[in-house]
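Peer 1: pasting the structure only:
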């Protein structure tokens, strides 16, 4: 009986300790950070504020420097959709477009003013993320909040997700989850 108990304790210890040892051995700057939505993986990327990836189909971020375009291409993205207004602080639209082109990425600028929403822009964004030739797509704004809101709108209106599941995913993507979810919920309700 003592041997069985000792064996049980050893097995439990191995199950608890071995994942910790493995994670210690593989600490890298770009290691996934768990979020409250396991589908969304947060990753620290130089030149991208608040980067996350939702499966293989899309990535999201906040302010994205032109220097990050090569990383995006190397990580498998095909296109970049920039939701930032030209008037926002630290927007490098021309440099980002040039860096994306040089890296071999499609660059789509669809500025979304969340204070003065043009439904046509939202339709254009939904179409752009829906084109198979644009995927995997990377969508960014200043903080990933507008990007998350638009992705939530897509999940509900195009993919048929229920609002709670889409809210959970948007909350994991956005830097300001309450703002993203409120914006998307209001837009969805108005349609």
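Peer 2: That came through fine. Worth saying up front: this structure is predicted, and the values here are computed from it rather than measured.

Peer 1: now residue 162: how far from residue 188?
Peer 2: In this structure, residue 162 and residue 188 are 11 Å apart, going by C-beta to C-beta, to the nearest Å. For every residue, glycine as well, the C-beta is placed using N, CA and C.

Peer 1: what is in contact with the two at once?
Peer 2: residue 156 (C-beta atoms under 8 Å, 6 or more residues apart in numbering).

Peer 1: higher neighbour count, these two?
Peer 2: The neighbour comparison of residue 162 against residue 188 (other C-beta atoms under 10 Å) goes to residue 188, with 16 against 10.

Peer 1: Quickly find the element holding the more buried one.
Peer 2: Assigning secondary structure by DSSP states H and E places residue 188 in helix 177-190.

Peer 1: Could you list every helix and strand in contact with that helix?
Peer 2: Here helix 177-190 is seen to pack against helix 145-157, helix 163-173 when contacts are counted using 3 or more C-beta pairs under 8 Å, 6 or more residues apart in numbering; DSSP states H and E.

Peer 1: what would those helices look like in CSV with mean pLDDT?
Peer 2: Listed next are those as CSV, based on pLDDT from 0 to 100:
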stretch, mean pLDDT
helix 145-157, 96
helix 163-173, 95
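
Peer 1: Of these, which stretch is the most buried?
Peer 2: The highest average neighbour count among the helices and strands packed on helix 177-190, using mean count of other C-beta atoms under 10 Å, belongs to helix 145-157 at a mean of 25.

Peer 1: Let me know the angle separating that one from helix 177-190.
Peer 2: Using axes from the mean of the first three to the mean of the last three C-alpha atoms, to 10 degrees, one finds that helix 145-157 and helix 177-190 are set 40 degrees apart in direction.

Peer 1: which residues make contact with helix 145-157 from outside it?
Peer 2: Around helix 145-157, the neighbours that count as contacts under C-beta under 8 Å, 6+ apart are 54, 58, 60-62, 83, 112, 114, 122, 125-126, 129-130, 139-141, 161-163, 165-167, 169-171, 173-177, 179-181, 183-184, 187-188, 191.
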